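Chemist: need coordinates for the following:
(one chain, ligands or ions: 2)
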Amino acid sequence: MITFEAVRKQFPDGTVAVDGLDLELPTGRITVFVGPSGCGKTTSLRMINRMIEPTGGTVAIDGKDVRAQDPATLRRGIGYVIQHAGLFPHKTVLDNVLTVPKLVGRGRERNRALELLERVGLPAAFADRYPAQLSGGQQQRVGVARALAADPPVMLMDEPFSAVDPIVRAQLQEEFLRLQAELGKTIAIVTHDIDEAVVLGDRIAVFRQGGHLAQVGTPEELLTKPADEFVRNFVGRDRGYRGLSFQRSDDLLLHPFPAGRSLDGEGTFRDGDSLRVVVDLTLTSPTGTAVKVDADGRPLGFVHHRDVVDLLEQRR
Ligand SMILES: Nc1ncnc2c1ncn2[C@@H]1O[C@H](COP(=O)(O)OP(=O)(O)OP(=O)(O)O)[C@@H](O)[C@H]1O
Ligand SMILES: [Mg+2]
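Modeler: Numbering: from 1, shown residues only. Ligands and ions are numbered 1, 2, ... in the order given. Okay, the predicted model is just below:
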């Protein structure tokens, strides 16, 4: 677990970037730092690996104050990924990934580097290219592979996916979650995109100007119970819709599906799907309906958009 206790950072020019920060980042989970520009997210992240030293309070990993640890040793256990990947332009993809094992002194681990590249979705053919010969999304993948190279238990990621277009970004997020499901690292991710925070975060810490925490909670808690006006505004006007992802569809009353009618062109959902899935289907269906099917894809019944709205009214 990573803990911030009463952490403060005042820069020499007097700017207070972080003030009185108390926060816990659970082991093996993704914690997302989100908030408007300049509110102290990057500063907080960098105090974990001592790229920035706090001027008050304590940052600890598993109960050990990071200031008691030699910075070089500390950083071997902490992968770091930044926006635009921060690759060395004069080194090949493979050598970029190998930078870290060299740092760790394990010698050339070419096979391991190739395996990592493969894991983040880059075939061996990319190994000898230079960063300028890659797309933004591919560069970002190299950045993630490099951070994973020393197999650190902790990963810090500062806006890791923000330099790519929305489609590539969604892809990278999905791949990243799949990887994390296998690896179970303790991860801190900075973003200013609440959608990204909701997708990636097990926990979300919402920062406000001056390095104060506005709220910490699960995505569901933030969307359904914003602590105050600031969080409410930050999670945005769509929060009602986003919040549907956390509402079950199981108790929707089904209308009988006419025997003999074809399922062709009907949007279908299953037990366990969220109300957001059902709403998306009914809103894009010409008839405003969606069909519930069983595990074998057989129709159980259908709902109309109105039924979902009624259910939401009842739950209010
Ligand atoms: N070296 C520095 N000296 C003085 N002030 C600094 C320094 N680094 C950052 N700051 C200030 O500290 C505050 C927090 O900066 P920080 O980079 O942590 O913000 P952020 O939340 O990551 O913002 P963004 O979303 O724009 O990246 C800002 O007001 C910034 O100008
Ligand atoms: Mg920042």
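
Chemist: which positions in the chain make contact with ligand 1?
Modeler: Residues of the chain lying close to ligand 1 (Cβ under 6 Å from any ligand atom) are 11, 13, 15, 17, 37-43, 192. Quick note: C-beta positions are derived from backbone N, CA and C, even for glycine.

Chemist: mind doing that once more with 8 Å?
Modeler: When proximity is defined by Cβ under 8 Å from any ligand atom, the chain lies next to ligand 1 at 9, 11-13, 15-18, 33, 35-46, 52, 158-159, 190, 192, 207, 211.

Chemist: of those residues, which count as buried by neighbour count?
Modeler: Among those, the ones that count as buried by 16 or more other Cβ atoms under 10 Å are 9, 17-18, 33, 35, 39-46, 52, 158-159, 190, 192, 207, 211.

Chemist: which residues touch the residue nearest the centre of the chain?
Modeler: Centroid-nearest residue in the chain, with Cα atoms, centre = their mean: residue 200, separated by 2.5 Å. Listed by Cβ atoms under 8 Å, 6 or more residues apart in numbering, the contact set of residue 200 reads 30, 32, 173, 176-177, 189, 191.

Chemist: now with 10 Å?
Modeler: 30-32, 34, 157, 160-161, 173-174, 176-177, 180, 187, 189, 191, 193, 219 (Cβ atoms under 10 Å, 6 or more residues apart in numbering).

Chemist: so which of the residues you listed sit within helices?
Modeler: Among these, the members found in helices (DSSP state H) are 173-174, 176-177, 180, 219.

Chemist: so which of the residues you listed comes closest to ligand 1?
Modeler: Among the ones in helices among the contacts of residue 200, residue 173 lies closest to ligand 1 (Cβ to the nearest ligand atom), at 18.3 Å.

Chemist: any idea how far the residue nearest to the closest one when sequence neighbours are not counted lies from residue 266?
Modeler: The shortest distance from residue 173 to any residue other than its chain neighbours is 5.5 Å, reached at residue 199 (Cβ to Cβ, 6 or more residues apart in numbering). Applying Cβ to Cβ, to the nearest Å, the value for residue 199 to residue 266 is 27 Å.
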